[in-house]
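1. Dropping a prediction and its sequence here:
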Amino acid sequence: MSTKEIAGKTVQVNEEGFMTDPNEWDKDIAVAIANEEGIAELTDEHWTVIDYSRKVGLESGSAPTLRNITKGAGVPTKQLFGLFPKGPAKKVAKISGLGKPEGCV
Amino acid sequence: MSEENRKIAFICSKGDLDMVYPALVMGWAALGNGIDVTIFFTFWGMDMIRESRVDRLEVAPVANTSMKMSMMGVDTGNLGIPNIMGVLPGMTAFATKLMKDKMDGLEVPPVREYLEMLVDAGAELYACKMSVDMFELEMEDFIPGVIDIVTAGDFMDMTEDAQIVFI
């Protein structure tokens, strides 16, 4: 376990760069991580996904799977993969300040 | 991240309900992790993309040594489903229903929906030319999302840098 400075704040991260304490997360951090992940700007559509993932993550203790997001947030698969290209499973979780999703679907 | 994207290709050669899921589950996981996915359907695996078959895939208890009586809710430990029972009419439908219910309980989507998810996420689906000829099929027989009918040689060209999983 180590710490990392993101958007001017020091947060705890694991070896893969996922934040380990979701309570340290804020929207500035989300924007900064998104930039690191190659997403220049977080639109309202991105926030729909992030807000939903935060809600699920804080309730259940782990990041939602992609299918959970498409079903729960009402974001179609194609759109989800368009918003978070090249690996939305990890990207959404990372930007939302959650750990890696634990389910397979 | 390296410039060249990681690629994985699945060859699906089975149409039994228990054998169609591995490529779907792993393919979906790959796409979620940013890996390019190609799926080549051949022989019985063609059932996965046939409009007339995809919703009717089954799992048979005959000669399936992993299928145990206990899966039917009877506490019989390692006792298998006797093959003689498996040949009774309705046993395949029964085993299929059991598996579908289990999958439903785990919120695993049915095959058709799973393939739609994969296609929407960028997976490329191809049908094997030789199997298509053998089963006398055409593109119209396939579910939406199947890109083309290709030869084994085409598949080799397409998957030059890919890791290949045969199922």
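-> Perfect, thanks for sending it. Numbers count the residues shown, from 1 in each chain, chains lettered A, B, ... in the order given.
2. So which other helices or strands are in contact with the lengthiest helix in chain A?
-> For chain A, the helix with the greatest residue count under DSSP state H is helix A:44-60. The contact analysis (3 or more CB pairs under 8 Å, 6 or more residues apart in numbering or on different chains; DSSP states H and E) places helix A:44-60 against helix A:66-73, helix A:77-83, helix A:88-95. Placement of C-beta: from N, CA and C, glycine included.
3. Could I get these in JSON lines, plus columns for mean pLDDT and mean neighbour count?
-> Output for the helices and strands packed on helix A:44-60, formatted as JSON lines (pLDDT from 0 to 100; neighbours: other CB atoms under 10 Å in any protein chain shown):
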{"stretch": "helix A:66-73", "mean pLDDT": "92", "mean neighbour count": "20"}
{"stretch": "helix A:77-83", "mean pLDDT": "95", "mean neighbour count": "19"}
{"stretch": "helix A:88-95", "mean pLDDT": "93", "mean neighbour count": "24"}
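4. Serialize those helices to TSV and add fields for distance to chain B.
-> As requested, these are arranged in TSV below (distance: least, CB to the nearest CB, whole Å):
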stretch	distance to chain B
helix A:66-73	5
helix A:77-83	4
helix A:88-95	3
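5. Quick one: the ones you listed as TSV, columns for distance to B:Phe94 too.
-> Putting the helices and strands packed on helix A:44-60 into TSV (distance: least, CB to CB, whole Å) gives the following:
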stretch	distance to B:Phe94
helix A:66-73	28
helix A:77-83	33
helix A:88-95	35
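6. between these, which gets nearest to A:Thr10?
-> Ranking those by proximity to A:Thr10 (CB to CB) places helix A:88-95 first, at 17.0 Å.
7. counting contacts, what elements does the closest one pack onto?
-> Applying 3+ CB pairs under 8 Å, 6+ apart, one finds that helix A:88-95 makes contact with helix A:27-36, helix A:44-60, helix A:66-73, helix A:77-83, helix B:17-32.
8. With distance to B:Ile49 added, can I get those helices in a markdown table?
-> Formatted as a markdown table, the helices and strands packed on helix A:88-95 follow (distance: least, CB to CB, whole Å):
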| stretch | distance to B:Ile49 |
| --- | --- |
| helix A:27-36 | 36 |
| helix A:44-60 | 30 |
| helix A:66-73 | 21 |
| helix A:77-83 | 18 |
| helix B:17-32 | 10 |
